[in-house]
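Undergrad: Let's see this in three dimensions:
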Amino acid sequence: MRRIAMLNQKGGVGKTTTTVNLAAALAGEGHKTLVLDLDPQAHATLHLGLLPGRSGPSLYEVLTQGVPLAKVRREVAANLFICGSHIDLAGAELELIGSVGREVILRDQLDADPEPFDFVLMDCPPSLSILTLNALCAAREVVIPLQAHFLALHGLSKLLETIHLVSKRVNRDLKVSGVLLCLYDAGTRLGGEVIEDLDRFFEGRRNATLPWAEARLFRTRIRRNIRLAECPSFGQSIFQYAPSSRGAEDYGSLAGEIQGRDPAPVWMTDAEPRAATAAPADTLEQAPVAPAGHL
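TA: Numbering: from 1, shown residues only. You can find the predicted model right below:
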């Protein structure tokens with residue numbers, strides 16, 4: 001079982017879109033896939049056609065009342081399951097203040113679940129909260145959706161420091177698999193600069209004892225596509241709503257790359273524009289260390 005947390009403390013970067021559509025792509029290949037919606041906004045739950053609060057118990061009951069995942073899980077398509085969210089999750093942090101081991105509740109629930117899944121994808125909230133910490137303690141991999149903007153690089157540095165703290169103190173198996181560029185515009189100079197900066201950053205740490213020492217910038221990039229914005233309102237993945245769209249092509253490519261295959265032909269050649277002057281190589285070095293938070 002591969003447990004992957006989709007993580008970025010910044011909102012609107014494509015975490016939920018990536019969680020849902022990557023899960024749908026993997027399920028479409030025959031892999032038994034589970035989505036865990038840890039965001040109180042419940043967007044992944046809505047994206048897959050469930051109404052929060054009307055589809056039975058949610059992850060709120062799992063975290064605060066010890067309800068097994070099997071009683072929360074719903075099958076929404078062939079090989080595709082979800083444990084939904086609810087707005088009550090926003091209060092889980094306060095309710096768990098006095099709980100011993102509150103950061104590993106989700107990990108223990110996954111370990112106790114007898115259902116054999118090939119992939120578990122966790123949609124994390126856009127904050128470094130107890131919900132995010134539960135995901136990082138339960139996961140073995142982190143994928144970071146990111147927009148190709150300078151400020152996104154600044155936030156990435158703080159996020160990596162938080163992942164480092166979790167890996168040192170709570171979950172030594174946690175690794176960063178890579179960074180995924182979302183809402184991508186191939187024709188912009190800034191996009192090329194960000195790619196160069198990320199490539200230099202990860203290549204410079206291949207021999208380091210850090211959880212992102214083997215991380216990479218995925219060759220697949222998720223292009224801006226109106227179909228990806230439309231499909232949540234129909235409660236469908238991109239493969240149900242617009243299977244011939246660029247969005248479906250990109251997430252199908254990402255599913256293959258996650259499994260070690262080559263990306264789609266459109267991403268096989270590095271033909272994207274490059275700026276004459278790259279972004280400063282130390283962009284990722286100058287950001288302050290993220291606060292330890294709940295660690």
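Undergrad: list the helices and strands the strand or helix carrying residue 64 packs on?
TA: Taking DSSP states H and E as the definition, residue 64 sits inside helix 59-65. Applying 3 or more C-beta pairs under 8 Å, 6 or more residues apart in numbering; DSSP states H and E, one finds that helix 59-65 makes contact with helix 92-95, helix 105-112. All C-beta atoms are positioned from the backbone trio N, CA, C, and that covers glycine.
Undergrad: least reliable of those helices going by mean pLDDT?
TA: Looking over the helices and strands packed on helix 59-65, mean pLDDT reaches its minimum on helix 92-95, with a mean of 86.
Undergrad: Not counting that one itself, show me its contacts.
TA: Around helix 92-95, the neighbours that count as contacts under C-beta atoms under 8 Å, 6 or more residues apart in numbering are 60, 63-64, 129-131.
Undergrad: Just give the number of residues close to residue 87.
TA: When counting by other C-beta atoms under 10 Å, one arrives at 13 neighbours for residue 87.
Undergrad: so who does residue 159 touch?
TA: 7-9, 144, 290.
Undergrad: where's it, which helix or strand?
TA: When elements are defined using DSSP H and E, residue 159 is found to belong to helix 150-169.
Undergrad: Mind listing what's buried along that helix?
TA: For helix 150-169, burial by neighbour count (16 or more other C-beta atoms under 10 Å) applies to 152-153, 155-160, 162-167.
Undergrad: per-residue confidence at residue 207?
TA: The per-residue confidence score, pLDDT, reads 68 for residue 207.
Undergrad: and what of residue 280?
TA: Taken from the predicted model, the pLDDT recorded for residue 280 is 40.
Undergrad: quick revisit: of all the buried residues of helix 150-169, which comes closest to residue 184?
TA: Distances from those to residue 184 were compared by C-beta to C-beta; the smallest belongs to residue 152, at 11.9 Å.
Undergrad: Residue 13 is in contact with that closest one, correct?
TA: Yes - contact status for residue 152 versus residue 13: in contact at 7.1 Å, counting by C-beta atoms under 8 Å.
Undergrad: who touches both of these two?
TA: Common contacts of residue 152 and residue 13 (C-beta under 8 Å, 6+ apart): residue 146.
Undergrad: JSON lines for the buried residues of helix 150-169, including pLDDT and distance to residue 74?
TA: Output for the buried residues of helix 150-169, formatted as JSON lines (pLDDT from 0 to 100; distance: C-beta to C-beta, whole Å):
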{"residue": "152", "pLDDT": "72", "distance to residue 74": "33"}
{"residue": "153", "pLDDT": "75", "distance to residue 74": "37"}
{"residue": "155", "pLDDT": "77", "distance to residue 74": "33"}
{"residue": "156", "pLDDT": "84", "distance to residue 74": "33"}
{"residue": "157", "pLDDT": "81", "distance to residue 74": "37"}
{"residue": "158", "pLDDT": "83", "distance to residue 74": "35"}
{"residue": "159", "pLDDT": "88", "distance to residue 74": "30"}
{"residue": "160", "pLDDT": "89", "distance to residue 74": "34"}
{"residue": "162", "pLDDT": "88", "distance to residue 74": "31"}
{"residue": "163", "pLDDT": "92", "distance to residue 74": "30"}
{"residue": "164", "pLDDT": "91", "distance to residue 74": "35"}
{"residue": "165", "pLDDT": "91", "distance to residue 74": "34"}
{"residue": "166", "pLDDT": "91", "distance to residue 74": "29"}
{"residue": "167", "pLDDT": "92", "distance to residue 74": "32"}
